[in-house]
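Novice: Turn this into a model:
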Amino acid sequence: MVKRKTQHLYDDIINLQHPTSARHPRMSAIDRAAQFSPFAALNGYEEAVKETSRITDQKIELSEDEKSILDDKLKIIETKLGSTTVFHFTYFVPDERKNGGAYVIHSGTVSKLDLNRSIIFLSDHTVIEINQIIAIDSEIFEDYGI
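Specialist: Here you go, the predicted structure:
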C-alpha cells in the first residue's frame, strides 16, 4: 500500500521566513497591542452619566420663628467677636453645575461679622453667607437660654 502525501493549500509557503519591509520598520509589540485596546466612542459620556446621577439636596426654607432664633444667635455672636468661642454653622452650599447643593457643618471662631453684606468670616478664612445658614450651635447659647 502506497501512502500518498496530502497536499494542503499553503504547503508551498508554510516554512518560508516572515517577510520584512525594507522601507517600514517593524511595529513594536506595545504599538501592535494598542490597536486593539478599548476606546471611548463618546468622549465625556461616563462623566455626564455620573454628573446626572449625582444627588444634590434642596435648600430648606426656614420659618419666621427659626429666622428669629438665628437673628438672636447672630446678635450674641456679634458680642463675642475675637473671642475663642467656637461656633458650629450648618449652611447650604449651592452646587455649581446643577440645581440644589449640599449642607455643610463647619466649626470655628468668628473673626468678623458683616451684617451689611450678610457674611460671616471665620478665623480659618472660611466665609459663610448668612442667608445660607440653617443652624448655629455653641455652648454659649445655653447661657442665654437659646
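
Novice: Report the buried residues of the longest helix along the chain.
Specialist: Longest helix in the chain by number of residues, with DSSP state H as the criterion: helix 64-79. The neighbour-count check on helix 64-79 (16 or more other Cβ atoms under 10 Å) flags 69-70, 73-74, 76-77 as buried. C-beta: built from backbone N, CA, C; applies to glycine.

Novice: Give the next helix or strand downstream of that helix.
Specialist: If you walk from helix 64-79 toward the C-terminus, the next helix or strand you reach (DSSP states H and E) is strand 87-94.

Novice: Kindly provide the whole-number mean pLDDT of that following strand.
Specialist: Here the mean pLDDT over strand 87-94 is 96, rounded to a whole number.

Novice: That strand: how far from the chain's middle?
Specialist: Between the centre of strand 87-94 and the centre of its chain there are 18 Å (Cα atoms, centre = their mean, to the nearest Å).

Novice: one step back: which one of the buried residues of helix 64-79 is nearest to L9?
Specialist: When the buried residues of helix 64-79 are ranked by distance to L9 (Cβ to Cβ), L70 comes first, at 87.9 Å.

Novice: Looks like the closest one contacts D137 (just checking).
Specialist: No. Proximity of L70 to D137 does not meet the contact threshold set by Cβ atoms under 8 Å, at 11.2 Å.

Novice: For this protein, name the helix or strand with the lowest mean pLDDT.
Specialist: Of all the helices and strands that make up the chain, the one with the lowest confidence by mean pLDDT, DSSP states H and E is helix 45-53; it has a mean of 82.
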